[in-house]
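Colleague: missing the sequence, but the structure's below:
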Ligand code: PXP
């Protein structure tokens, strides 16, 4: 199973000050040097974290695969065709949400999504659909021409450690089986952390996990001691 790291929150921190630190490109390089097999960045309509130039710079500098997360809009399709990332992951996007809340409604937008994907696939970009792990969404995803789905693990993550955990886990496992039977490759992500990620290894043939928040959160504490020591050395 591969690990894609989502670096959006590096850009969130940078944008809080409006300068250049911390640099998402440098973050991507550190991720790659330490086991990430792809770098995910979500270019949101409001550019609240990753910006257009970040995507272009990432495409130029990273050595692994760039996975561009984006909404199903003409603007994003144009950018994807220009930048040509290794893959795109199509997600629903609401302006007010803090993070991607639910999966894409492929059932309700089958024609729109199928047509949206055509030029991307023709340009050689792999397409993944971020969907809830339900039978109807998976069956619809298999009709679109996308090669991958990414199962939304938010519900499993929230249920972890509660009586609902097993049901949510089985649901993911069944969903993955169905997707494979329909010829799709399967990624998963959202809300995965250092505890709940362990069980993902019990799901056969999961291709890649995309993880952001828990890794960046942990990095703050694994790096804080060194950062303070370095400054204290300069100050004393
Ligand atoms: N996959 C998708 C499609 C996402 O939208 C997100 C959140 O940006 C993630 C994975 C990563 O989620 P988290 O930050 O909770 O690890």
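Modeller: Structure received. Owing to the predicted nature of the structure, the values given are computational and were not obtained by experimental measurement.
Colleague: Grab the most central residue of the protein for me.
Modeller: residue 210 (4.7 Å; C-alpha atoms, centre = their mean).
Colleague: Name the next helix or strand following the helix or strand hosting that residue along the chain.
Modeller: In this assignment (DSSP states H and E), residue 210 forms part of strand 206-211. Downstream of strand 206-211, the next assigned helix or strand under DSSP H and E is helix 213-235.
Colleague: returning to what we had before: quick one: the strand holding residue 210 to chain centroid distance?
Modeller: The gap between where strand 206-211 is centred and where its chain is centred comes out at 9 Å by C-alpha atoms, centre = their mean, to the nearest Å.
Colleague: Now that strand: average pLDDT?
Modeller: Taken as a whole, strand 206-211 has a mean pLDDT of 98.
Colleague: hey, where'd the strands end up in the chain?
Modeller: With DSSP state E as the criterion, the chain has strands at 2-6, 38-42, 65-70, 87-90, 126-131, 148-152, 185-189, 206-211.
Colleague: Please tell me how far the residue nearest to the centre of the chain sits from the ligand.
Modeller: 4 Å (C-beta to the nearest ligand atom, to the nearest Å). Where you see a C-beta, it was placed from the backbone N, CA and C, and this is true even at glycine.
Colleague: Please tell me I have it right and that residue contacts residue 40.
Modeller: Yes: using C-beta atoms under 8 Å, residue 210 is in contact with residue 40, at 5.2 Å.
Colleague: Find residues that contact each of the two.
Modeller: Here residue 210 and residue 40 have 4, 5, 6, 67, 89 as joint contacts, going by C-beta atoms under 8 Å, 6 or more residues apart in numbering.
Colleague: Could you tell me how many residues sit around the fourth one?
Modeller: By the other C-beta atoms under 10 Å criterion, the neighbourhood of residue 67 contains 26 residues.
Colleague: Likewise for the first one?
Modeller: Using other C-beta under 10 Å, residue 4 has 25 neighbouring residues.
Colleague: ok, and the closest non-adjacent residue to residue 146?
Modeller: What sits nearest to residue 146 in space, not counting adjacent residues and going by C-beta to C-beta, 6 or more residues apart in numbering, is residue 127, at 4.3 Å.
Colleague: Test my guess that that neighbour contacts residue 149.
Modeller: No: counting by C-beta under 8 Å, residue 127 stays clear of residue 149, with 9.9 Å between them.
Colleague: List, one by one, the residues from the chain near the ligand.
Modeller: Proximity of the chain to the ligand (C-beta under 6 Å from any ligand atom) is limited to residues 6, 8, 42, 69, 89, 91, 99-100, 130, 150, 189-192, 210-214.
Colleague: Mind giving me the ChimeraX command for buried ones among these?
Modeller: Buried residues among the residues of the chain next to the ligand (16 or more other C-beta atoms under 10 Å), as a ChimeraX selection:
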select :6,8,42,69,89,91,100,130,150,189,190,191,192,210,211,212,214
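Colleague: so who does residue 77 touch?
Modeller: Going by C-beta under 8 Å, 6+ apart, the list of residues near residue 77 reads 116, 119, 120.
Colleague: so where is this protein shaky, pLDDT-wise?
Modeller: For the chain, residues meeting the criterion pLDDT under 70 lie at 95-100.
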